[in-house]
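Asks: Here is my input, please return the structure:
(chains A and B)
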Amino acid sequence: MKDDIYMDGTERFSKSSRRRFLSALGVAGVTGLAGCNTSGEAGTGTNGSGEGTATTTDGNPPWYGSGPGAFEERPTPGGTSMDDMPDLSGTLNVYSGRGEALVGDLLGFIESKYPDFEVRTTYDSAASLANRIVTEGQNTPADVFYSVNAGALGFLADEGATESLNEGTYSLVPSEFRASDNSWIGTSGRARTVPYNTNALSADGVPSDIMSFPDHDEFAGKIGWAPTYSSFQGFVTAMRVLEGDADTREWLNGIQNLNVEEYSDEFQVVQAVADGEIQLGFANHYYTLRVLAGRPNAPIDIAFTNGDAGAVFNVAGAAPIAASSKGEMADTFVRHLLSSEAQEYFAVKTFEYPLVDGVDPVGRLPPVSELNVPNIDLSKLSNLDETVTLMREEGVL
Amino acid sequence: MAGNADTSTAADRPASSGWSGGSVLVVLAGLVAVAVLLPLSWIVIAGFRVGFAGALDLLLREQTLSIVVNSFLLVGAVTGLSVLLAVPLAFLTTRTNLPFRRFFTVALAMPLVVPSYIGAFAFVSAFGPQGQLQDALAPFGVETLPTIYGLVGSTLVLTLYTYPYVYITTRASLKSLDTTLVEAARTLRHTRWQAFKRVTLPQIRPAITAGSLLVALYALSDFGTPAIMRYDVFTRVIYVEFNAFGRNMAALLSLVLVLITVAILAFERRAGGEDRVQTDRGHGNTQSLVRLGRWRWPAAAFCGGVTALALVVPLGILGLWLVRGTDGVAGGLAFELQYVGNSVGIAVAAALVAAIVGLPIAHLSARGSSRFGDVFERASYVGYAVPGVVIGLALVFLGARYGGGLYRTGVIAFPLLVFGYVVRFLPQAVGSTRASLLRVSPALPEAARTLGRSPFGAFRSVTLPLIAPGQVGGAALVFLTTMKELPVTLLLKPPGFDTLVTQVWQATASGHYGHAAVPSLILLFVSALSMLVILSMEGYDVK
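Replies: Below you'll find the predicted structure:
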């Protein structure tokens, strides 16, 4: 098997084999029905043993080391521990666009560290919460907004609804993953990818230039996307920024001419690829990892395109809300999301990219530095409005 | 009987000038109507922010036209099919010697307890191109199934889970039918079909249209089903705008939806025609059942088929999720008994409030002494036809703008949430109460008046006991729909207040289907109990 070299769990993605590294993840578990996903991201499919939020005897989170959810033996992460951050106390209202299944354990862990600290979390889709915060105006109960993407954060920042972070917080993350005025910050990363069915295609069969996809007639009827999905709209926005509106329209029409299959979210796109319903699609990287975590033998792998909109690296992130009277506490809370503990959590529990120095992504993912990511201002991806208009004009929506 | 219609207005007409019962009623009903229309104010304000040019641009776009056409196609198909399905089913379960009649009476109403998004989900899982059915057929060489997506799937699912609205109203009407008229027609050499068409149908038509209206407006405002079935309708475009932070555009589009609703309401008024059909005999004689003869078992098979399709598919998929189990890691998704209490508590509150505030509107409209009655009754439907996410955001706006610290600290969260449910589901309470009022002969409270009772006294001691079953039935319907309501719940619930439906959402949104099974099944079970209440109320004799 061509993927055997990756079985030891340490082999890294490299330039020469840039598209094959996800196979044979030895994690059992069952997920698998096509899903309706409104929250903006699907959950992990890892097979844990129901560990709670309590700390282990050494005070470390239960997701440290080679425990459930980790793909390999992992060292204690670097970065700044929560122990070295200011304490949290009182009550904090967090509007979370990330689901409870994804971040519930992490928030519970933070609460368990501070006896007199309570997080009151409102879960909904990021778009819904962003709309809600702006609609609530000065009277919003929200102290912190936690989002699945930079778009919703950028939107709130543009509306003047967010507050700049302290240097002690924002300096933990490289500048390309936060707002230029530090009015929001990325807490974990996700790459755009092309998931493909390994029974139908080889790695070399996937084009490495996103703009060339419409020219590949062999994909007619065998390619899928989720145009109503915010991650996909963010990707189209990136294409508009990088290639201009005219080329973006041409691309959208070209893909439509391939009789593209439409899905309501990208978890479904990836499921359809794994099921052989389609051969390839457009989706964030972690969906494929989650499908593989649930169905280790699913014939699916991911490919990256080169330095174009197909390879955009977006972030989930957080921002303190300007109308809140608990600005300092909100800032400290966001800083906790950048702690070693939280960053390791994102790496092994949600298969995302950690963003602070000293914490690595799971072994089968290439480090960010090896991805050929286009140079793009993430906050520009917040302008979904014009993208939606453009997509509607081309009959995509 | 028809002659009574014109005199029905006399009963509660104010006997004297000043603050008589009649004008108090108008004021009360007016206040309720204004209250449930309040969210429209935000929709108008936000919609106008789009500006004239932007609005014109959007409305004249070819795409907009096509989604309007799609929406009408869906609404028409769902409503038409629901009538074609529900009226025969109602007839079979009330007026014939159908085998297992009692069982089917209940079973055929039960699809209403299934949230349509769970239904759509289950149908895609079961009948999708690579769904469970295809899996099962794969050994026989079936590679793929005909697509369920699009108009066909949306219509199928919405029809299966909303036809009970027509079924329930039609049944109630058939049970109160004066069958001596049918027998008279038969002695006048009418065939059964002619008798049905010329005697029964005109009497049950108002009930059919009332149920159809709920079906049509549901189909118009539902987002989940067309989204899962990938069919481009109005709500989907609203949702796309909402997700792209275009809440003003979403509001503008909702405004168009409101206009369509008003058009449908006007159309229903015509189709429903004169709906005051009381008989002096009160309840009809249900002894004379139509004997189905050799059609007995085919009819039972038809009822069984509908039940199986609507109930077995979602129950099967939920069962599958349950059997496959949970995958452990999903923090915070573990089931807690508290979710049941939260769901039931908030739904009971919504049902009580809806039943109480719906009464003045129902009374005014049924006793038609003022033209306000019709206007107020129609107004109560508007909130029902606007997508929940827009109603929710409108209430967020009103709460935050005028609620001050009470909103920010969450003190008024529960009242606001209950209000949201009432805005969405009031017409169900009004409709049921109104129907039972129409069956009470105005001569009865009139008699009480002549015996010296005040209008309120006459209402309380005579009318209210007679319409109580209708009130309870309507409240149970509001309870049932509140139990499965999602968008308003998500936008207005206080943090930490989780219900069955928010847990189902959390679990399915994150792909942890195993965690969705238990809350879904409990949701269905509790809703099924309330459906039993609805059905038992229709048997109550109103005389």
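Asks: can you give me the strands in chain A?
Replies: Under the criterion DSSP state E, chain A contains strands at A:90-96, A:117-123, A:144-147, A:185-197, A:223-225, A:261-262, A:280-281, A:283-284, A:300-303, A:313-320, A:353-354.
Asks: So which of these is the most surrounded?
Replies: strand A:283-284 (a mean of 30; mean count of other Cβ atoms under 10 Å in any protein chain shown). C-beta coordinates here come from the backbone N, C-alpha and C atoms, glycine included.
Asks: Partner strands of it and their direction?
Replies: strand A:185-197 (antiparallel) (DSSP bridges).
Asks: Run the angle between the strand it pairs with and strand A:313-320 for me.
Replies: 150 degrees (axes from the mean of the first three to the mean of the last three Cα atoms, to 10 degrees).
Asks: Send me strand A:185-197 as CSV with only the CA atoms.
Replies: Output in CSV follows, covering the C-alpha atoms of strand A:185-197 (Å, rounded to 0.1, in the frame of the first residue of the first chain):
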residue,chain,number,x,y,z
ILE,A,185,-7.6,37.1,17.4
GLY,A,186,-7.3,33.6,15.9
THR,A,187,-7.2,30.8,18.4
SER,A,188,-6.9,27.8,16.1
GLY,A,189,-6.4,27.3,12.3
ARG,A,190,-8.0,25.5,9.5
ALA,A,191,-6.8,24.9,5.9
ARG,A,192,-8.9,24.8,2.8
THR,A,193,-8.4,21.4,1.1
VAL,A,194,-9.6,19.2,-1.7
PRO,A,195,-10.9,15.9,-0.2
TYR,A,196,-10.8,13.1,-2.8
ASN,A,197,-11.8,9.5,-3.0
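Asks: so which residue of the stretch 401-543 of chain B comes closest to chain A?
Replies: Here the stretch 401-543 of chain B gets closest to chain A at one residue, B:S510, 3.0 Å apart by Cβ to the nearest Cβ.
Asks: Test my guess that that residue contacts A:A101.
Replies: Yes: between B:S510 and A:A101 there is a contact under Cβ atoms under 8 Å: 3.8 Å.
Asks: low-confidence ranges in chain B?
Replies: Applying pLDDT under 70 to chain B flags the ranges B:1-21, B:128-132, B:134-135, B:138, B:141-146, B:271-288, B:326-332, B:369-370, B:539-543.
Asks: domain parsing for it?
Replies: B:42-279+B:293-324, B:327-543 (automatic domain parsing).
Asks: among those domains, which is the most enclosed?
Replies: Ranked by mean neighbour count, those are led by domain B:327-543 with a mean of 22 (mean count of other Cβ under 10 Å).
Asks: residues contacting the nearest residue to B:A347 once chain neighbours are set aside?
Replies: Leaving aside its sequence neighbours, B:A347 sits nearest to B:T482 (Cβ to Cβ, 6 or more residues apart in numbering or on different chains; 4.1 Å). Going by Cβ atoms under 8 Å, 6 or more residues apart in numbering or on different chains, B:T482 touches B:I346, B:A347, B:A350, B:A351, B:Y421, B:F425.
Asks: and which of these is nearest B:S520?
Replies: If you rank the contacts of B:T482 by distance to B:S520 using Cβ to Cβ, B:A347 comes first, at 15.7 Å.
Asks: can I assume the closest one sits in a helix?
Replies: Yes: the assignment for B:A347 by DSSP: H, G, I helix; E, B strand; the rest coil puts it in a helix.
Asks: Hmm, it is touching B:A476, no?
Replies: No: here B:A347 lies out of contact with B:A476, judged by Cβ under 8 Å, at a distance of 9.9 Å.
Asks: Show me the domain layout of chain A.
Replies: Split by automatic domain parsing, chain A gives A:82-189+A:314-365, A:190-312+A:382-393.
Asks: can you redo the contacts of B:T482 as TSV with distance to A:A191?
Replies: Output for these, formatted as TSV (distance: Cβ to Cβ, whole Å):
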residue	distance to A:A191
B:I346	41
B:A347	43
B:A350	45
B:A351	49
B:Y421	42
B:F425	44
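Asks: Closest one of those residues to A:T80?
Replies: Using Cβ to Cβ, B:I346 comes nearest to A:T80 of these, at 42.4 Å.
Asks: Tell me the spacing between B:V215 and B:L81.
Replies: Noted for B:V215: a distance of 9 Å to B:L81, by Cβ to Cβ, to the nearest Å.
Asks: If you could redo that for A:Y229, that was the one I meant.
Replies: In this view, A:Y229 and B:L81 are 31 Å apart by Cβ to Cβ.
Asks: what about the helices in the stretch 51-200 of chain B?
Replies: Along the stretch 51-200 of chain B, counting by DSSP state H, counting those that start in this stretch, helices occupy B:52-59, B:62-95, B:101-107, B:116-127, B:132-137, B:151-175, B:179-187, B:192-195.
Asks: re earlier: select from the strands of chain A the stretch with the lowest mean pLDDT.
Replies: Mean pLDDT values for the strands of chain A show the minimum at strand A:261-262, a mean of 86.
Asks: quick one: that one near chain B?
Replies: Yes: for strand A:261-262, a contact with chain B is found by Cβ under 8 Å from any Cβ of the partner chain, at A:E262.
Asks: mind giving me TSV with the strands of chain A and columns for distance to A:E393?
Replies: Converted to TSV, the strands of chain A look like this (distance: least, Cβ to Cβ, whole Å):
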stretch	distance to A:E393
strand A:90-96	32
strand A:117-123	34
strand A:144-147	27
strand A:185-197	23
strand A:223-225	17
strand A:261-262	17
strand A:280-281	23
strand A:283-284	24
strand A:300-303	30
strand A:313-320	24
strand A:353-354	34
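Asks: Mind checking these for the one nearest to B:P519?
Replies: With Cβ to Cβ as the measure, strand A:117-123 is the member of the strands of chain A nearest B:P519 (14.8 Å).
Asks: neighbouring strands for the closest one, and are they parallel or not?
Replies: By DSSP bridges, strand A:117-123 pairs with strand A:90-96 (parallel).
Asks: what sits up against the partner strand?
Replies: Residues contacting strand A:90-96 (Cβ under 8 Å, 6+ apart): A:103, A:107, A:116-124, A:129, A:132-133, A:141-146, A:324, A:326, A:329-330, A:333, B:495.
Asks: Ok, stretch B:62-72 next?
Replies: So stretch B:62-72 is contacted by A:392-393, A:395, A:397, B:58, B:151, B:220, B:231-237, B:256, B:260 (Cβ under 8 Å, 6+ apart).
Asks: In helices, which of those fall?
Replies: A:R392, A:E393, B:L58, B:L151, B:L220, B:F234, B:T235, B:R236, B:V237, B:V256, B:I260 (DSSP state H).
Asks: Which residue comes closest to the third one once chain neighbours are left out?
Replies: The one in question is B:L58. Spatial nearest neighbour of B:L58, excluding adjacent residues (Cβ to Cβ, 6+ apart): B:T64 at 6.2 Å.
Asks: And that neighbour, how close does it get to B:R296?
Replies: In terms of Cβ to Cβ, B:T64 sits 50 Å off from B:R296.
Asks: just B:E485 next, same as before
Replies: Applying Cβ to Cβ to B:E485 and B:R296 gives a distance of 40 Å.
Asks: Identify the residues contacting the residue nearest to the spatial centre of chain B.
Replies: Computing the C-alpha centroid of chain B and ranking residues by Cα atoms, centre = their mean puts B:L214 first, at 4.9 Å. Shown in contact with B:L214 (Cβ under 8 Å, 6+ apart): B:T162, B:Y165, B:Y384, B:P427, B:Q428, B:G431.
Asks: can you tell me how far the fifth one sits from B:Y165?
Replies: Taking Cβ to Cβ as the criterion, B:Q428 is separated from B:Y165 by 8 Å.
Asks: sorry, back to before: any idea which of the strands of chain A gets closest to B:V462?
Replies: Nearest of those (Cβ to Cβ): strand A:117-123, 48.4 Å.
Asks: That's all I had, so thanks and see you.
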